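# Sequence unavailable; structure follows:
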C-alpha cells in the first residue's frame, strides 16, 4: 500500500512528532508509515486522514 | 482495541501477586520446606527474593518519567516476536528431546526451566528489536 503522508504532512507544515501525537501513536510508527514499511489498520488510516485534513482515506492511502 | 483493565487495577494485581509470592516464600521458610534451591538456602528464600525483585521492577516502572505509548505497530511487532518465540520453544523442545535420547540430561529440573525462561525472554527481546527495525 502506498501513501502520501509525507507530502501532505509537509504541505501542512506539520512535524512527524505533531502528527504522531495527534493520532496517538509513536513517531517511530509515523516514520514506518511514511517509509511504507508498515500498513496501518483502517482505524489508524482514518485517524491519519482526518489529522491531515482529508475527507477520504483514499486521499492519503492508495492500494496498489 | 483497548484493554479493559485499568492501569490502577493492573498495578494492584501486580503488587498483589508479588506480595503473594513473598508470603508464600515466608510460609515455606516457616514450615522449613525444601532444601538448597538455585543457589538459595531454600525454595522459600528464593520466592522471597523473586517477590522483592518483582516489586522493585513494578515500582521502578511506576516512578519512571518515561511515557510509554503502545500503538498498533508496537502490538503488531510484539505479536510477531511472540510467534517467533513460540516456534523457538517448540524447536528447542525438539532438540532437547533428541539430546535427551542420545544422552540423558543430568541437570536439575528447576535449573533447566529457569535457563529456558531466560532463553525465551532473550529470543523474544532480540526478535522484537529486529522486527521493530524492520516494520
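Structure's in. What do you need? Source: prediction; values computed, not measured. Residues are numbered from 1 along each chain as shown, chains lettered A, B, ... in the order given.
# C-alpha from now on. contacts and neighbour counts both.
Fine.
# any idea how far residue B:64 lies from residue A:8?
Going from residue B:64 to residue A:8 by Cα to Cα, to the nearest Å gives 36 Å.
# between the two, which one's more packed in?
More neighbours surround residue A:8 than the other of residue B:64 and residue A:8, with 17 against 10 (other Cα atoms under 10 Å in any protein chain shown).
# Which stretches in chain A count as strands?
Using DSSP state E, the strands of chain A run over A:2-3, A:61-62.
# do you know which of these lies nearest residue B:86?
Nearest to residue B:86, of all those, is strand A:2-3, at 32.0 Å by Cα to Cα.
# Just name whatever secondary elements that closest one is in contact with.
Counting contacts by 3 or more Cα pairs under 8 Å, 6 or more residues apart in numbering or on different chains; DSSP states H and E, strand A:2-3 is packed against strand A:61-62.
# centre of the chain versus the strand it packs on, how much separation?
Relative to the chain's own centre, strand A:61-62 is displaced by 10 Å; criterion: Cα atoms, centre = their mean, to the nearest Å.
# I'd like to know which elements that strand is packed against.
Packed against strand A:61-62 by the contact rule (3+ Cα pairs under 8 Å, 6+ apart) you find strand A:2-3.
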